[in-house]
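**Q** Got a predicted structure plus its sequence, pasted below:
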Amino acid sequence: MGLLWVTPRARLRRLAGRGGPSPLAGRTVLVTGASSGIGEATALLVAARGAHVVLVARRADELARVRASIEAAGGRASSYTCDLTDLDAIDALVERVLADVGTVDYLVNNAGRSIRRSLDLSYDRFHDFERTMAINYFGPLRLTMGLLPAMRAQGFGHVVNIVTWGVQMKAPKFAAYIASKTALDTWSRIAGRETYDDGVTFTNMRFSLVATAMVVPTDAYDNRTSMSAEQAAAKVVRALEDRPVTWDTVPGRIGGVVNVVAPRLSDALMARFHRSVPDSAAARGATPEVSEQQ
């Protein structure tokens, strides 16, 4: 179960029942990584709530498929191909989107890459850290910074970041992945304080395991309980509507507290966990990795 931290006004609205259209109706929502997984499922739900969905991903054919599904159901969608590790391409994307559809009201930074590999196997793989920072931090940072001025000028905007409970748990074997997501999580908390008076807010979704193509190469996940992409998307849409500061899991919040109040105990427990769960075949180079989910 996740913990949704919301404003008192949002709590009252939920308790009373909205009794009307979704806050997303008539708004423009940009979703990255919209060609599959959480991004695709989020785009479909957002469109069903009456929003104009701006789909962004690398794969033009998959974007066309998702757009066709939305339009067949009576929704509105625009699609743009973009490599979100290319900062110049992101700048061009921002320019095109603002010219074509106007100000983006909601942004979902979903595209990302997960790498699970122990430090023993990473000494000669500095590029693991570079590529996770490129797609998980610098890409969404550049895109958000490009769209923020228009949001602030209109006095409204909301950014949802798909991060990880790892920012609280600090799990072994995920140094590259969690560090990049932590950077986005922290930047967004600070940015939200600077833009709060302008009506622009941020939510960090600290998900645990979600069953998408990105986790398939990690055989350690085979028997783990996971959330479906559709279940995760439902929580993303709720966060878009209610605009909480964070969405946390109960274990993630407990892990964050233990890291603060008993850090050496946490180190000992995580060290034991690290020894008990080996690197996957993909981490050892025995099977191909899945590329960035864009």
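**A** Yep, that arrived. Numbering: from 1, shown residues only.
**Q** which parts of the longest helix along the chain are buried?
**A** Longest helix in the chain, counting residues (DSSP state H): helix 175-195. Buried residues in helix 175-195, defined by neighbour count with 16 or more other CB atoms under 10 Å: 175-185, 187-188, 191-192, 195. C-beta coordinates here come from the backbone N, C-alpha and C atoms, glycine included.
**Q** Let me know the closest of those residues to residue 82.
**A** Of all the buried residues of helix 175-195, residue 184 has the smallest distance to residue 82: 17.8 Å, by CB to CB.
**Q** okay, that closest one: pLDDT?
**A** Among the per-residue scores, residue 184 shows a pLDDT of 97.
**Q** now do residue 224
**A** 60.
**Q** Over to the one 5 residues further on?
**A** Predicted confidence (pLDDT) for residue 229: 90.
**Q** surely it meets residue 211?
**A** Yes - between residue 229 and residue 211 there is a contact at 6.8 Å, judged by CB atoms under 8 Å.
**Q** just how off-centre is the longest helix of the chain within its chain?
**A** Centroid separation for helix 175-195 versus its chain: 11 Å, with CA atoms, centre = their mean, to the nearest Å.
**Q** Just the C-alphas of that helix, formatted as CSV.
**A** In CSV, the C-alpha atoms belonging to helix 175-195 read as follows (Å, rounded to 0.1, in the frame of the first residue of the first chain):
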residue,chain,number,x,y,z
ALA,A,175,24.2,2.5,-7.0
ALA,A,176,23.9,3.9,-10.6
TYR,A,177,20.1,3.8,-10.8
ILE,A,178,19.2,5.0,-7.3
ALA,A,179,21.8,7.8,-7.4
SER,A,180,20.3,9.2,-10.6
LYS,A,181,16.7,8.9,-9.3
THR,A,182,17.7,10.5,-6.0
ALA,A,183,19.2,13.5,-7.9
LEU,A,184,15.8,14.0,-9.6
ASP,A,185,13.8,13.5,-6.4
THR,A,186,15.9,16.1,-4.5
TRP,A,187,16.0,18.6,-7.4
SER,A,188,12.2,18.5,-7.7
ARG,A,189,11.7,19.1,-4.0
ILE,A,190,13.8,22.2,-4.2
ALA,A,191,12.3,23.4,-7.4
GLY,A,192,8.8,22.9,-6.0
ARG,A,193,9.6,25.3,-3.2
GLU,A,194,10.8,28.0,-5.6
THR,A,195,7.8,27.6,-7.9
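**Q** Please enumerate the strands of the stretch 51-200 of the chain.
**A** Here the stretch 51-200 of the chain has its strands, by DSSP state E, counting those that start in this stretch, at 52-57, 76-81, 106-109, 157-162, 200-205.
**Q** So which of the ones you listed is nearest residue 96?
**A** Per CB to CB, nearest to residue 96 of the strands of the stretch 51-200 of the chain: strand 76-81, 6.5 Å.
**Q** strands paired with the closest one, and their directions?
**A** Using DSSP bridges, the strands paired with strand 76-81 are strand 52-57 (parallel).
**Q** now what about the strand it pairs with, what contacts it?
**A** 26-36, 39, 43, 46-47, 63, 66-67, 70, 75-82, 84, 93, 97, 101, 104, 111, 294 (CB atoms under 8 Å, 6 or more residues apart in numbering).
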